[in-house]
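Engineer: Mind folding the following:
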Amino acid sequence: MAPDDVPSLTRELVALGVEVEVLSSSATTTFVNEYWSGNPDGRRQRLLSTATAFESSDVPGDAAVYVFGPLTLVDMEVECLAAAPKDALTALDIQGLIRSSDIGPVTHVRNPALADYVRLSTIVKASREEALSASRATSVLEALDWFRNKGAREVLLTMGRDGSLVATRDGVYDIPAYRVSDEIDTTGCGDTYLAAYVLKRVEGLCPEEAGHFASAVAGFVACAHGVPSITAGKATKLVSGARATDIRPRLRRSHPGSNPEHSS
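Structural biologist: Below is the predicted model:
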């Protein structure tokens, strides 16, 4: 992170009592998001600047949980995942690993090393578009199988207003989108979904329950500009009052050996 950006980007975390360690860089990775009118789920992105890449030596070796969220193709080397203890929970958002790192309009690119990142991750999260692009699958279920076959134990596939899918070795759970109030800005919803899911898995909830919690908290984020702060206690109350939007046929649960029809 560029020194001039540290106060504004860490202020809220520090105010909440979070210990923040900042790695200095000549620039901060910065995007401009342009949303299509009437469709908060669709956006165009432009990359304005990139930060210095993370290296394996930057990863502390004594944590129980690691969440990796690279923003561009060159943000972190695969050795960063390998640096985490083997018994740690490692969560990975693939979004940056298939994004171009050239300044200008952001496009999806092929990353030959993506399978290695997935193999080293306990939980992998991707949007529907990212999953289909990375796997070259023709349906979301095929995409989920691709990630599981590469070694991920749990795969989270977010689909905006269409909800999300949580895939484990036991099957696929169909999670509805939750509406807290009117949708305003979906920036940060995917990041929030992953963080909330990991929190509840660490607390002992099963994948399906963690998915419902994550979906509801992401729905809260969509109802404000930017990414509002929310405590775990407030999030729990929020989930109990959120409304699931049932706008498509439900997949419910797919067990190994079944063949549900559900394409992107």
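Engineer: From residue 118, how far off is residue 146?
Structural biologist: Residue 146 sits 9 Å away from residue 118, taking C-beta to C-beta, to the nearest Å as the criterion. C-beta coordinates here come from the backbone N, C-alpha and C atoms, glycine included.
Engineer: Just want to know which of the two has more residues nearby.
Structural biologist: Using other C-beta atoms under 10 Å, the more surrounded residue of residue 146 and residue 118 is residue 118, with 24 against 19.
Engineer: Could I get the contacting residues of the more buried one?
Structural biologist: Going by C-beta atoms under 8 Å, 6 or more residues apart in numbering, residue 118 touches 92, 94, 124, 147, 150, 151, 152.
Engineer: Wasn't it part of a helix?
Structural biologist: Yes. Counting by DSSP: H, G, I helix; E, B strand; the rest coil, residue 118 falls inside a helix.
Engineer: List the residues that contact residue 78.
Structural biologist: 113, 116, 117, 120.
Engineer: Give me the neighbour count for the third one.
Structural biologist: Residue 117 has 25 neighbours, counted by other C-beta under 10 Å.
Engineer: still on that earlier bit, out of the contacts of residue 78, who's nearest residue 69?
Structural biologist: The closest of the contacts of residue 78 to residue 69 turns out to be residue 117 (C-beta to C-beta; 12.0 Å).
Engineer: so what's that closest one scoring on pLDDT?
Structural biologist: Note on residue 117: pLDDT of 97.
Engineer: That one contacts residue 95, doesn't it?
Structural biologist: No. In this structure, residue 117 is not within contact of residue 95 by C-beta atoms under 8 Å, at 11.8 Å.
Engineer: now the helices for the stretch 51-200 of the chain?
Structural biologist: With helices called from DSSP state H, counting those that start in this stretch, the stretch 51-200 of the chain shows them at 79-82, 114-119, 128-135, 140-149, 189-202.
Engineer: Out of those helices, flag the one nearest residue 64.
Structural biologist: When the helices of the stretch 51-200 of the chain are compared by C-beta to C-beta, helix 189-202 sits nearest residue 64, at 7.8 Å.
Engineer: For that closest one, enumerate the helices and strands it packs against.
Structural biologist: On a contact count with 3 or more C-beta pairs under 8 Å, 6 or more residues apart in numbering; DSSP states H and E, helix 189-202 meets strand 65-68, strand 89-93, strand 123-127, strand 154-158, helix 207-221.
Engineer: which intervals of the stretch 1-150 of the chain have sub-threshold pLDDT?
Structural biologist: Within the stretch 1-150 of the chain, the ranges that satisfy pLDDT under 70 run 36-42.
Engineer: what do you get if the cut-off is 80, keeping everything else the same?
Structural biologist: Confidence mapping of the stretch 1-150 of the chain against pLDDT under 80 gives the ranges 35-43.
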